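Student: The following comprises the amino acid sequence and a computationally predicted model.
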Amino acid sequence: MRTSDEVADALADGRPVVALESTIISHGLPQPRNLQVALELEEIVRQAGAVPATIAVLDGVPRIGLDKGGLDRIATEPGLRKLGFRDLAPASALGLSGATTVSATSFLAARAGVRVFATGGLGGVHRGWTTVQDESADLDTLSRTRITVVCAGVKSILDVPATLQRLETRQVTVVGYRTDHFPGFYLHTSGEPVDWRIETPREAAGIMRAQDALGGPETALIVANPVPVTEQLDPALHDRVLAEALQAAEDQGVTGQAITPFLLEYLVNGTGGASLEANLAAVRGNTRLAAEIAASWVQEK
Ligand code: PSU
Ligand code: MN
């Protein structure tokens with residue numbers, strides 16, 4: 001594992017650092033917009049006074065903090081792999097490159113000493129789980145990794161109530177940021193309630209300290225931050241195109257690691273790009289909030 005000088009210095013000085021994942025760049029967003037977004041997210045973190053640490057594996061080496069060349073590779077390299085936690089060892093051993101999902105990014109960030117991580121929407125339990133047991137490895141990693149993930153809930157392509165049940169069983173703490181409802185990724189709300197609500201980054205940092213003080217299992221904190229209503233995808237359009245996307249995935253037999261990128265891309269095309277804008281609005285807001293939480297965390301530690 002290699003931590004960039006900038007990130008290593010910030011960690012050594014106790015300055016705020018925010019981890020960013022790379023799968024959203026390589027597999028979650030269309031080219032060439034994805035490279036712009038990768039750069040923009042890093043800039044949002046810097047504007048908020050923190051240091052960005054985009055995480056990926058390059059030529060077998062897990063990297064914490066990428067330079068422009070690294071971001072460029074993640075955004076444009078053809079056939080780049082999608083790496084969950086379980087894929088890290090083979091990728092390292094075989095010298096391969098890949099983008100890291102929430103599960104691999106959380107693991108690597110925590111190992112590097114980065115406590116706060118921003119993404120779009122988490123993976124979770126896929127619809128139809130009674131026949132195909134597709135549950136994202138994100139949930140398992142978050143049940144045993146001490147990291148704070150700021151996200152707009154879980155992707156709305158999933159079975160959201162089932163995912164929330166699994167998070168409860170796995171003892172992952174979930175708080176709504178200025179909301180009583182679990183966000184719906186492209187949508188302001190999923191319609192599901194959330195048990196805890198916080199109003200400030202300082203309260204998030206306080207929960208993180210309390211997690212450490214309790215000394216229980218190393219679980220994550222999910223800070224669920226909704227996309228503003230003014231920037232959400234039209235709910236009726238969302239429901240209609242998502243139904244088509246799920247049908248298309250079934251007709252084409254898309255499964256496994258390919259299903260999430262397939263559905264996201266279908267939504268982008270089927271909504272004339274509107275889902276992309278909502279996704280980006282969510283990720284930008286999460287990145288800003290993550291930087292504020294990271295700042296609060298290092299101040300009061
Ligand atoms: N958030 C986004 N877009 C994405 C993802 C998250 O806004 O593409 C990625 C994350 O890397 C997450 C992954 O870990 O989707 C989930 O994939 P799977 O369902 O195969 O575990
Ligand atoms: Mn899966």
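Tutor: That came through fine. Residues are numbered from 1 along each chain as shown. Ligands and ions are numbered 1, 2, ... in the order given.
Student: Now do the contacts for the residue nearest the centre of the chain.
Tutor: Ranked by distance to the mean C-alpha position of the chain (C-alpha atoms, centre = their mean), the top residue is Thr119 at 2.9 Å. Residues near Thr119 by C-beta atoms under 8 Å, 6 or more residues apart in numbering: 20-21, 24, 102, 105, 149-151, 283, 286. (Glycine included, C-beta is placed from N, CA and C.)
Student: Just give me the neighbour total for the residue of the stretch 51-200 of the chain found nearest ligand 1.
Tutor: In the stretch 51-200 of the chain, the residue that lies nearest ligand 1 is Gly120 (2.0 Å; C-beta to the nearest ligand atom). Gly120: 28 surrounding residues under other C-beta atoms under 10 Å.
Student: Grab the nearest non-local neighbour of it.
Tutor: Of all residues not flanking Gly120 in the chain, Val283 sits nearest, at 4.5 Å (C-beta to C-beta, 6 or more residues apart in numbering).
Student: Can you give me every residue that contacts that neighbour?
Tutor: 24, 37, 41, 118-120, 152.
Student: can you put these in TSV and add distance to Asp140, pLDDT and secondary structure?
Tutor: Shown next, in TSV, are the contacts of Val283 (distance: C-beta to C-beta, whole Å; pLDDT from 0 to 100; DSSP: H, G, I helix; E, B strand; the rest coil):
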residue	distance to Asp140	pLDDT	secondary structure
Ile24	19	95	helix
Val37	27	97	helix
Leu41	25	98	helix
Ala118	20	98	strand
Thr119	16	98	coil
Gly120	19	97	coil
Ala152	21	98	coil
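Student: out of those, what pair is the most spread apart?
Tutor: Val37 and Ala152 (14.8 Å; C-beta to C-beta).
Student: neighbour-wise, which of these two wins?
Tutor: Using other C-beta under 10 Å, the more surrounded residue of Val37 and Ala152 is Ala152, with 31 against 21.
Student: quick one: Ala53 and Val114 touch, right?
Tutor: Yes. With contacts counted by C-beta atoms under 8 Å, Ala53 reaches Val114, the gap being 5.6 Å.
Student: Share the number of residues neighbouring the closest residue to ligand 1 within the stretch 201-301 of the chain, please.
Tutor: Among all residues of the stretch 201-301 of the chain, Thr260 sits closest to ligand 1, at 4.0 Å; criterion: C-beta to the nearest ligand atom. Thr260: 23 surrounding residues under other C-beta under 10 Å.
Student: Over to Ala210?
Tutor: Neighbourhood size, Ala210 [other C-beta under 10 Å]: 11.
Student: Need the CA coordinates for the helix or strand that contains the residue of the stretch 201-301 of the chain closest to ligand 1. PDB is fine.
Tutor: Per DSSP states H and E: Thr260 is located in helix 259-270. Taking C-alpha atoms only, helix 259-270 is exported to PDB below (Å, rounded to 0.1, in the frame of the first residue of the first chain):
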ATOM      1  CA  ILE A 259     -25.500  -5.400 -12.600                       C
ATOM      2  CA  THR A 260     -24.900  -2.100 -10.700                       C
ATOM      3  CA  PRO A 261     -23.000  -0.400 -13.600                       C
ATOM      4  CA  PHE A 262     -25.600  -1.700 -16.000                       C
ATOM      5  CA  LEU A 263     -28.500  -0.300 -14.100                       C
ATOM      6  CA  LEU A 264     -26.800   3.100 -13.500                       C
ATOM      7  CA  GLU A 265     -26.000   3.500 -17.200                       C
ATOM      8  CA  TYR A 266     -29.500   2.500 -18.200                       C
ATOM      9  CA  LEU A 267     -30.900   5.200 -16.000                       C
ATOM     10  CA  VAL A 268     -28.500   7.800 -17.400                       C
ATOM     11  CA  ASN A 269     -29.700   7.000 -20.900                       C
ATOM     12  CA  GLY A 270     -33.300   6.500 -20.100                       C
END
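Student: Quick check: what element follows that helix along the chain?
Tutor: helix 274-300.
Student: isn't the residue of the stretch 51-200 of the chain closest to ligand 1 right up against Ile25?
Tutor: No. Here Gly120 does not reach Ile25: they are 10.5 Å apart, not a contact under C-beta under 8 Å.
Student: Kindly indicate which of the contacts of Thr119 lies nearest Glu199.
Tutor: Closest to Glu199, out of all of these and judged by C-beta to C-beta, is Val150, at 14.7 Å.
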